[in-house]
Structures are given as structure tokens and as C-alpha cells.
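**Student:** Sequence and predicted model, in that order:
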Amino acid sequence: ALHYTGTPFVFTRTLPINPVLPTITGTPTLYTISPALPAGLSFNNFNGQISGTPIGISSTTHTVTASNQYGSSSYNFLITLV
């Protein structure tokens, strides 16, 4: 199972966020996110980490999928920038 602790996320624009890593059962070889994160935030496809400094105001639901040769697991969460 894939999970991001602390969701839904509320981040303040222009303030760096504490990097967020997922917890997961298994060993994924790739993480993907859809849609792309808001401006200023970045997503690491190798470990699923979200980091950066948001620069806008928005509220968006994102889906992260972790996958390997045996299958995949997805997790939906909301990011709100204020």
C-alpha cells in the first residue's frame, strides 16, 4: 500500500516545504504523479519525494503511482497552496 502521511497537504506559497516521502509496502522502481505538481514544487520519480517552494495559489488533487515488475499501487491526495 502507498500512502503520504499528512495529507491533505496545505502549503504556504513562498515558504519552502519540508520534503515529503511516501510510505509503501514493497520496492517500487518508478513513481509517477498526475497532474504535475504546482509551480515551485518538484517530484522525484525514483523515491516519490515532494519538495520545493510553492509560488502560486491553487488546490489540486494529485495521483501518485508506484510501480515495479509485479504491479502498481496508487494514492490520491489534495495539495492546497495558500
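**Tutor:** Cool, the structure landed.
**Student:** contacting residues around the spatially closest residue to residue 4 that is not a sequence neighbour?
**Tutor:** Closest residue in space to residue 4, ignoring its immediate chain neighbours: residue 22 at 5.2 Å, by CB to CB, 6 or more residues apart in numbering. Bear in mind the C-beta positions are built from the backbone N, C-alpha and C, glycine included. Neighbouring residues of residue 22 by CB atoms under 8 Å, 6 or more residues apart in numbering: 2-4, 31, 48, 64, 66, 75.
**Student:** Make CSV out of the residues you listed and add neighbour count and secondary structure.
**Tutor:** As requested, the contacts of residue 22 are exported to CSV (neighbours: other CB atoms under 10 Å; DSSP: H, G, I helix; E, B strand; the rest coil):
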residue, neighbour count, secondary structure
2, 19, strand
3, 14, strand
4, 20, coil
31, 20, strand
48, 23, coil
64, 21, strand
66, 23, strand
75, 18, strand
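**Student:** Bridged to the residue most central in space within the chain, which residues?
**Tutor:** Geometric centre of the chain, nearest residue: residue 50, 4.9 Å, by CA atoms, centre = their mean. Listed by DSSP bridges, the beta-bridge partners for residue 50 are residue 20, residue 43.
**Student:** I'd say it and residue 40 touch.
**Tutor:** No: taking contacts as CB atoms under 8 Å, residue 50 lies outside contact range of residue 40: 11.2 Å.
**Student:** low pLDDT regions in this structure?
**Tutor:** Counting by pLDDT under 70, the chain has no low-confidence residues at all.
**Student:** So which residues of it form strands?
**Tutor:** Secondary structure of the chain (DSSP state E): strands at 2-3, 9-11, 23-24, 30-34, 41-43, 50-52, 58-68, 71-81.
**Student:** No further queries at this time; thank you.
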